[in-house]
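J.: Here is the input, now give the coordinates:
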Amino acid sequence: MNRFLILYILAMGEVCIAQNIKQADSLLTLGNYSKAIAIYESAEHPNLHYDKIAKAYFALGNYGAALSYYQKLVEAKPEDALNRFNYAKLLFQTKNYQLSSKHFQQLIAKDSTNPNYHYQLGLVLEATKDSMAFKSFHKAYQLDETHQKAIYKIARQLLKTRQFSQAHQYIDKGLEAYVNNIKLIGLKAQCFYYQENYKQAQEWFLKLLDLGETSEFIYEKLSLCYANNSYFKEAIEYRKKALEYNPKDANALFVVGVYYNYLQDYENAQKYMEQALELKDKPLDAEYRQLSSVYNQLKKYDKSIEALKKAIKDAPDNLSLHFFLLSAKDRYYADIDTKIRLYENFIKRFPNEKVFLHLANRRLKELKETKFLSESD
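T.: Here you go, the predicted model:
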């Protein structure tokens, strides 16, 4: 065969290979990962494309295959920090914490000034509940005081340990670099909330809403902020938004009823409290006591009596409930002799309860005087 023909054929072969790799690169860029992998793996020297194959398998969610290729890369090029970094991150993601930690430590040994190495090691240590995680996050922050993720981790830990002043300092530092960091704004709101500075907490939770961030947690905490500042109309508004996430949250429904009670909107207070009590399955004496109070305001004394009977069923030894029931019956019954008998029976039943006995005796005296005067007319 002509020497020039051979050279031509070889050259054309190389061009075809190059075109195939270029095509695979294009497929990888466009997200056609499976086809790209097939071309890379069938190439004459697939080892030259292990990094791309690993990325493609990762994108497909085939982490086992991705790990296999990253391992080959690290073994073939142990000095390549980027491949080791990607391998270590994937090991962490697949919960292979021990091996991930080993590779991050190796990276730190070669370049201790890279903040991301320390941050990623911190994530591994955090996942294994190692107390040294905080130290790694802090080291990342020392190397880069604008490192948003490290700042968040440090501030969140300070919040958990109620070191609010220090938490605020780190959060403020982070927000100087990125004013709309939603995670840091959320921590800021929580710091003020747990410091019981509800006005400031309210402002920061509202910032989250302005940035398009919504959740049951945000609405619930906003509602509590307004309630603690006695803005019950707004407290109801945001608690209702929280209820959209969990319409059968009995506690939230009851709280809305309580807020309506504060606003003297007793009809709505009754509505929400009754809904809540239908859903609850634990002792409800306190809730029924509050509901009976609402019924009294609405002059629905028969319903108040029913609510108090249910409260007593849950807490039969609570003497105050028995006295409230007596008072409700006093309002409900018109016959004075019936009222007198109710108070006399209460006094006989609870002879040693001084406070309520005093109140019962005083009311009994009033009733008997009223009866005497009516009979004298």
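
J.: State the phi and psi torsions of the closest residue to residue 250 other than its chain neighbours.
T.: In space, and not counting its chain neighbours, residue 250 is closest to residue 279: 3.9 Å by CB to CB, 6 or more residues apart in numbering. All C-beta spots, glycine's among them, are computed from the backbone N, C-alpha and C. Main-chain dihedrals, residue 279, degrees, to the nearest 10: phi -90, psi -20.

J.: which ones are touching residue 279?
T.: Contact partners of residue 279, counting by CB atoms under 8 Å, 6 or more residues apart in numbering, are 248, 250, 253.

J.: Compare these and tell me which is most surrounded.
T.: Neighbour counts for these were taken using other CB atoms under 10 Å; the highest belongs to residue 253, with 24 neighbours.

J.: That one and residue 264: what is the separation?
T.: Distance, residue 253 to residue 264, by CB to CB, to the nearest Å: 19 Å.

J.: What of residue 299?
T.: Computed with CB to CB, the distance linking residue 299 and residue 264 is 14 Å.

J.: Compare the two (neighbour count), which wins?
T.: Remark: of residue 299 and residue 264, residue 299 carries more neighbours, 12 against 8, as counted by other CB under 10 Å.

J.: Now do the same for that one: helix, strand or coil?
T.: Classification of residue 299 using DSSP: H, G, I helix; E, B strand; the rest coil returns coil.

J.: Phi and psi next, for it.
T.: phi 60, psi 30.

J.: and it, what is it in contact with?
T.: Contacts of residue 299 by CB under 8 Å, 6+ apart: none found.

J.: mind checking how far it is from residue 92?
T.: In this view, residue 299 and residue 92 are 65 Å apart by CB to CB.

J.: Same check on residue 159?
T.: Distance from residue 159 to residue 92, by CB to CB: 24 Å.

J.: do residue 171 as well
T.: Distance, residue 171 to residue 92, by CB to CB: 26 Å.

J.: So which of these two has more stuff around it?
T.: Using other CB under 10 Å as the criterion, residue 171 and residue 92 rank with residue 171 on top: 27 against 20.

J.: State the helix or strand in which the more buried one lies.
T.: Residue 171 is part of helix 164-177 when elements are defined by DSSP states H and E.

J.: From the contact counts, what lies against that helix?
T.: helix 148-160, helix 182-194 (3 or more CB pairs under 8 Å, 6 or more residues apart in numbering; DSSP states H and E).

J.: how much space is there between residue 112 and residue 119?
T.: 13 Å.

J.: more neighbours, those two?
T.: A direct count of neighbours by other CB under 10 Å for residue 112 and residue 119 places residue 119 higher, at 21 against 11.

J.: Contact partners for the more buried one?
T.: Neighbours of residue 119 in contact, by CB under 8 Å, 6+ apart: 136, 137, 140, 147, 149, 150, 153.

J.: Go through those and give me the one with the most neighbours.
T.: Of all the contacts of residue 119, residue 137 has the most neighbours under the rule other CB under 10 Å, reaching 28 neighbours.

J.: if I read this right, that one contacts residue 122, doesn't it?
T.: Yes: if you go by CB atoms under 8 Å, residue 137 and residue 122 touch, sitting 4.4 Å apart.

J.: can you list residues touching both of those two?
T.: When contacts are counted by CB under 8 Å, 6+ apart, residue 137 and residue 122 are jointly contacted by 150, 153.

J.: tell me the contacts of residue 100?
T.: Contacts for residue 100 were tallied using CB under 8 Å, 6+ apart; they are 88, 89, 91, 92, 124.

J.: And for residue 118?
T.: Here residue 118 is in contact with 108, 136, 137, 139, 140, 143, 150 (criterion: CB under 8 Å, 6+ apart).

J.: ok, 6 Å please
T.: By CB atoms under 6 Å, 6 or more residues apart in numbering, the contact set of residue 118 is 136, 139, 140.

J.: what's the spacing between it and residue 275?
T.: 52 Å.

J.: thinking again about what came up before, just send the helices and strands packed on helix 164-177 back as TSV, with mean pLDDT too.
T.: Converted to TSV, the helices and strands packed on helix 164-177 look like this (pLDDT from 0 to 100):
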stretch	mean pLDDT
helix 148-160	97
helix 182-194	97
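
J.: how about these in JSON lines, adding distance to residue 317?
T.: JSON lines is the format used below for the helices and strands packed on helix 164-177 (distance: least, CB to CB, whole Å):
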{"stretch": "helix 148-160", "distance to residue 317": "39"}
{"stretch": "helix 182-194", "distance to residue 317": "35"}
